[in-house]
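> this one's structure only:
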């Protein structure tokens with residue numbers, strides 16, 4: 001079939017001929033093809049022998065069977081016949097089949113993709129959606145060339161590589177304040193990821209979603225009204241199901257398990273494959289450490305935390321662990337490396353919280369030295385970056401410099417929710433800020 005297909009193409013250029021399949025027959029019949037002495041006509045087989053074409057077809061079948069039987073009793077023929085170029089391309093011990101140009105293009109594409117994957121930030125989206133990005137690249141290239149607007153192609157390249165001029169990128173070597181989003185008041189860094197979920201653009205995102213849904217309904221696309229179950233939802237449900245086989249709800253509550261799966265997803269979402277076994281292994285280490293953890297107090301009620309976050313622009317929950325961090329905060333820090341797989345940032349020195357608005361909490365039941373914690377917080381204020389801490393800790397008789405007690409919560413208040421037990425001492429909300437943060 002390859003030989004018939006090659007003969008049907010007629011005369012070819014030297015460049016196309018040497019890359020064509022069935023080129024042995026092309027070489028053998030080159031002169032006859034050029035003089036148009038060769039024609040190919042399809043004749044249905046086994047339809048009789050009435051017409052000249054049918055008689056010729058029967059004769060061809062007999063000739064083919066004759067040489068087939070002759071070939072069964074003879075030795076193997078040479079790999080290259082007399083009308084072929086004595087050239088074999090080899091790659092890693094295997095012969096290259098088909099068009100070498102297609103093979104070389106494929107190798108070059110693979111090499112460029114490997115180079116792209118070696119870049120941690122620029123390849124973040126390519127690692128997650130390799131097929132979709134390459135397919136979309138072809139469409140964007142087609143649209144930009146047809147419309148004569150080459151900047152659309154450049155915008156796409158910068159977008160998928162996260163090179164668009166966001167505040168974080170343009171002020172990469174500047175202060176943390178210049179890297180923050182100019183559109184919202186969350187205090188988050190203006191990265192590509194933040195731009196896709198920025199609170200200031202939520203109306204535009206909803207409008208886009210509504211427009212897409214309306215077009216799907218207009219086109220009557222099947223299953224468009226079915227709820228979309230993304231990769232995150234499927235993996236988190238799987239992790240919860242496997243976890244419940246080892247840790248019942250009496251040991252690990254549903255709320256804690258939900259935020260653990262969320263944190264693990266955020267830490268590993270750029271990976272193409274996320275192991276369920278790895279999640280269980282990391283979770284088992286956290287549960288083993290549970291008995292020796294200094295934290296055992298429940299978090300304050302959610303209404304209070306929401307009020308503090310919104311009014312004081314808090315971003316980070318500092319000095320906590322995987323079982324006690326609040327998912328209301330954008331980031332959280334820990335002093336233990338076993339918390340890193342669940343989204344924690346390691347608190348290694350005083351510079352970890354520089355340039356942030358951090359919430360510190362430890363309750364009366366926690367095994368934490370309050371004065372020692374406040375002293376470390378005071379050392380963290382020695383920076384030229386605007387830094388603030390809101391500490392909710394047991395009331396203290398003496399506070400370090402730059403600390404201000406904003407409010408006192410009596411021990412009879414329902415700080416940890418309705419029905420919670422009274423605690424031994426009152427709690428204080430303390431503000432710690434450096435001079436730069438107040439200017």
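Looks like it arrived, so ask away. No experiment lies behind these values; they were computed from the predicted model shown.

> which residues of the stretch 201-350 of the chain score low on pLDDT?
Low-confidence segments of the stretch 201-350 of the chain (pLDDT under 70): 228-229.

> element containing residue 407?
If you go by DSSP states H and E, residue 407 is part of strand 403-409.

> what comes up buried for that strand?
For strand 403-409, burial by neighbour count (16 or more other Cβ atoms under 10 Å) applies to 403, 409. Yep, even glycine has a C-beta here, placed from its N, CA and C like the rest.

> ok, residue 370 to residue 414 distance?
Residue 370 is 22 Å from residue 414, where distance means Cβ to Cβ, to the nearest Å.

> swap in residue 382?
Using Cβ to Cβ, we find residue 382 at a distance of 37 Å from residue 414.

> More neighbours: which of residue 370 and residue 414?
Legend: neighbour count by other Cβ atoms under 10 Å for residue 370 and residue 414, higher for residue 370 (16 against 11).

> give me every residue that touches the spatially closest residue to the more buried one that is not a sequence neighbour.
In this structure, residue 370 finds its nearest non-sequential neighbour in residue 393, 5.1 Å apart by Cβ to Cβ, 6 or more residues apart in numbering. Residues near residue 393 by Cβ atoms under 8 Å, 6 or more residues apart in numbering: 360-362, 370, 373-374, 427-428, 430.

> cutoff 10 Å now
360-364, 366, 368, 370-371, 373-374, 377, 425, 427-430 (Cβ atoms under 10 Å, 6 or more residues apart in numbering).

> centre of the chain versus the one helix or strand residue 154 maps to, how much separation?
According to DSSP H and E, residue 154 maps onto helix 150-160. Remark: helix 150-160 is offset 20 Å from the chain centroid, using Cα atoms, centre = their mean, to the nearest Å.

> now it: mean pLDDT?
Average pLDDT, helix 150-160: 91.

> what comes up buried for it?
Applying 16+ other Cβ under 10 Å to helix 150-160 flags 153, 156, 160 as buried.

> about what we covered before: which of the contacts of residue 393 fall in helices?
The helices, defined by DSSP state H, take in 370-371, 373-374, 377 from these.

> got the contact list for the nearest residue to residue 280 once chain neighbours are set aside?
Nearest non-adjacent residue to residue 280, counting by Cβ to Cβ, 6+ apart: residue 242, 6.1 Å away. Applying Cβ under 10 Å, 6+ apart to residue 242 gives the contacts 276-277, 279-280, 283.

> one step back: partners of the strand holding residue 407, with directions?
strand 427-433 (antiparallel) (DSSP bridges).

> before we move on, which element is the closest residue to residue 251 other than its chain neighbours in?
Take residue 251 and drop its neighbours on the chain: the residue closest to it by Cβ to Cβ, 6+ apart is residue 287, 7.7 Å away. Here residue 287 sits within helix 276-289, counting by DSSP H and E.

> mind checking how far that helix is from the chain centre?
For helix 276-289, the distance to the chain centre is 22 Å (Cα atoms, centre = their mean).

> what's that helix packed up against?
Packing partners of helix 276-289 (3 or more Cβ pairs under 10 Å, 6 or more residues apart in numbering; DSSP states H and E): helix 231-244, helix 254-268.

> Now do that helix: everything it contacts.
Against helix 276-289 from outside (Cβ under 10 Å, 6+ apart): 235-236, 238-239, 241-243, 245-247, 251-252, 256-257, 260-261, 264-265, 267-268, 271, 275, 293, 321-323, 336-342.

> That one to helix 254-268, inter-axis angle?
130 degrees (axes from the mean of the first three to the mean of the last three Cα atoms, to 10 degrees).

> in helix 276-289, what counts as buried?
Quick answer for helix 276-289 (16+ other Cβ under 10 Å): 279, 282-283, 286-287.

> What residues does the residue positioned nearest the centre of the chain make contact with?
Centroid-nearest residue in the chain, with Cα atoms, centre = their mean: residue 270, separated by 3.0 Å. Listed by Cβ under 10 Å, 6+ apart, the contact set of residue 270 reads 120-121, 123-128.

> who's in contact with the nearest residue to it once chain neighbours are set aside?
Excluding the flanking residues, the one nearest residue 270 by Cβ to Cβ, 6+ apart is residue 124, at 5.0 Å. With contacts defined as Cβ under 10 Å, 6+ apart, residue 124 is in contact with 160-162, 192-193, 269-270.

> same check, this time on residue 294
With Cβ under 10 Å, 6+ apart, residue 294 has these contacts: 319, 321, 324, 335-336, 362, 366-369.

> repeat that with 8 Å
The contact partners of residue 294, taken as Cβ under 8 Å, 6+ apart, are 362, 366-368.

> Name the SS class of residue 320, please.
Here residue 320 takes the coil state, with states given by DSSP: H, G, I helix; E, B strand; the rest coil.

> which helix is the longest one in this protein?
helix 52-72.

> Can you spell out which helices and strands pack onto that helix?
On a contact count with 3 or more Cβ pairs under 8 Å, 6 or more residues apart in numbering; DSSP states H and E, helix 52-72 meets no helix or strand.

> Just give me how far that helix sits from the chain centre.
For helix 52-72, the distance to the chain centre is 60 Å (Cα atoms, centre = their mean).

> Pull out the buried residues from that helix.
Buried, per 16+ other Cβ under 10 Å, within helix 52-72: 54, 57.

> Which residues does that helix contact?
41, 43, 45, 47-49.

> Try it again at 7 Å.
With Cβ atoms under 7 Å, 6 or more residues apart in numbering as the test, helix 52-72 has contacts from 43, 45, 47-49.

> can you pick the most crowded of those?
Counting by other Cβ under 10 Å, top hit in those: residue 43 with 14 neighbours.

> ok, the contacts of helix 52-72 vs residue 299, which is closest?
residue 45 (80.7 Å; Cβ to Cβ).

> residues contacting the closest one?
Applying Cβ under 7 Å, 6+ apart, we find residue 45 in contact with residue 57.

> State the pLDDT value of the closest residue to residue 175 other than its chain neighbours.
Leaving out its chain neighbours, the residue that sits closest to residue 175 by Cβ to Cβ, 6+ apart is residue 385, at 6.1 Å. Residue 385 carries a pLDDT score of 83 in this model.

> can you confirm residue 385 is in a helix?
No: according to three-state DSSP, the state of residue 385 is coil, so it is not within a helix.

> could you dump the buried residues of helix 276-289 to TSV with distance to residue 169?
Listed next are those as TSV, based on distance: Cβ to Cβ, whole Å:
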residue	distance to residue 169
279	32
282	32
283	35
286	35
287	40
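
> of all those, which comes closest to residue 397?
residue 286 (35.5 Å).

> pLDDT score for the nearest residue to residue 406 once chain neighbours are set aside?
If you skip the residues right next to it in sequence, residue 406 has residue 429 as its closest partner in space, 4.6 Å away by Cβ to Cβ, 6+ apart. Listed pLDDT for residue 429 reads 93.
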